[in-house]
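Asker: Predicted model and sequence follow; I will ask about them next.
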Amino acid sequence: MRRLLTGGDFVAQIRSEAESCLKRQVPANEMARLINQLVEEICKKAGINEKELRMGGRRRKVSETRAEISYRLNCESGIPAAEIARHLGLCTSAIAKAFEKYESGQK
């Protein structure tokens, strides 16, 4: 016996999850502005140079700041790692490592 999943609670749940994901995504034309704004804000708070951050500086404070920026942009704003990497002058795998480092430091 097969059951079609065309209505009811299952569809409502899937639809609700999809809508919440869409609400979290940032429109493409706002991504660059949001990234630049957060980079400026966090760099100023951490007392580091934006240029050093965007050029792949490897000082501990720069790496930690980059990890925080990457994590917040992805988790809070839904910006993809590839887009974050383009704006921070890194490769996508470096951003993924920064996520992991930031998460492990937060626990």
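Answerer: Structure received.
Asker: I'd like the next helix or strand past whatever helix or strand Ile42 lives in.
Answerer: Element membership for Ile42 (DSSP states H and E) is helix 28-46. For helix 28-46, the following helix or strand on the C-terminal side (DSSP H and E) is helix 50-54.
Asker: Run through who's touching that following helix.
Answerer: For helix 50-54, the external contacting residues (CB atoms under 8 Å, 6 or more residues apart in numbering) are 39-40, 43, 59, 62, 65-66, 69, 87-89. C-beta coordinates here come from the backbone N, C-alpha and C atoms, glycine included.
Asker: Let me have these in CSV, extended by neighbour count, secondary structure and distance to Lys97.
Answerer: What follows is the contacts of helix 50-54, written out as CSV (neighbours: other CB atoms under 10 Å; DSSP: H, G, I helix; E, B strand; the rest coil; distance: CB to CB, whole Å):
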residue, neighbour count, secondary structure, distance to Lys97
Val39, 20, helix, 18
Glu40, 11, helix, 23
Cys43, 20, helix, 20
Arg59, 11, coil, 16
Val62, 19, helix, 14
Thr65, 23, helix, 15
Arg66, 30, helix, 10
Ile69, 24, helix, 14
His87, 19, helix, 17
Leu88, 21, helix, 13
Gly89, 14, coil, 15
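Asker: Tell me the one among these nearest to Lys101.
Answerer: Relative to Lys101, the closest of the contacts of helix 50-54 is Arg66; by CB to CB it sits at 9.5 Å.
Asker: Nice, that's everything, thank you.
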